[in-house]
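Asks: quick one: sequence plus predicted model below, questions after.
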Amino acid sequence: MKDFKALENLLAGYLHEDWRDEYESAWSAIRDFALSEPTHAPALGAEVHDLLERFSDEDDAVVAQFLTSDLGLGYAAEADGWGSYREWLLAVADQVDELLRGQPPEPPDRPRSGSAQV
């Protein structure tokens, strides 16, 4: 299995089960990750795409299980209005990329229409 160090760093380190105690929103945690992890943040987009390609034929429950059980995610994307973890991960990768380019994005409060599919 491919090593997802950046993704695991974000999920287990910033969006762990107690993330609400440290951040006002998941997007605040994602912003903190993007601005505080110069080694991991630039690699996140590629890892998200690699992960989604690996699970391309799987349903979202399998992706969610991998994110929570193997990578330490404590955030519930679907409970926050996202249609799927795939959609949410693509939005996270976009958000981190925008922050790294120095373009502070507006955090999406719902899934983006027309999100790229992997």
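Replies: That came through, no problem.
Asks: so which elements touch the longest helix along the chain?
Replies: Longest helix in the chain, counting residues (DSSP state H): helix 85-100. Other helices and strands packing on helix 85-100, by 3 or more Cβ pairs under 8 Å, 6 or more residues apart in numbering; DSSP states H and E, are helix 26-36, helix 44-54, helix 60-65. For glycine as for every other residue, the C-beta is placed from the backbone atoms N, C-alpha and C.
Asks: just send the ones you listed back as CSV, with mean pLDDT, mean neighbour count and distance to Tyr85 too.
Replies: Shown next, in CSV, are the helices and strands packed on helix 85-100 (pLDDT from 0 to 100; neighbours: other Cβ atoms under 10 Å; distance: least, Cβ to Cβ, whole Å):
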stretch, mean pLDDT, mean neighbour count, distance to Tyr85
helix 26-36, 95, 18, 13
helix 44-54, 95, 18, 9
helix 60-65, 92, 15, 5
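Asks: tell me the angle the longest helix of the chain makes with helix 26-36.
Replies: For helix 85-100 against helix 26-36, the angle between stretch directions is 50 degrees (axes from the mean of the first three to the mean of the last three Cα atoms, to 10 degrees).
Asks: output helix 85-100 in CSV with nothing but the alpha carbons.
Replies: The C-alpha trace of helix 85-100 is given here as CSV (Å, rounded to 0.1, in the frame of the first residue of the first chain):
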residue,chain,number,x,y,z
TYR,A,85,-15.9,11.6,1.3
ARG,A,86,-14.6,11.7,-2.3
GLU,A,87,-16.2,15.1,-2.9
TRP,A,88,-15.0,16.4,0.5
LEU,A,89,-11.4,15.2,-0.1
LEU,A,90,-11.3,16.9,-3.5
ALA,A,91,-12.5,20.2,-1.9
VAL,A,92,-9.8,19.8,0.9
ALA,A,93,-7.1,19.3,-1.7
ASP,A,94,-8.3,22.4,-3.6
GLN,A,95,-8.4,24.4,-0.4
VAL,A,96,-4.9,23.5,0.6
ASP,A,97,-3.6,24.2,-2.9
GLU,A,98,-5.2,27.7,-2.9
LEU,A,99,-3.7,28.4,0.5
LEU,A,100,-0.3,27.3,-0.6
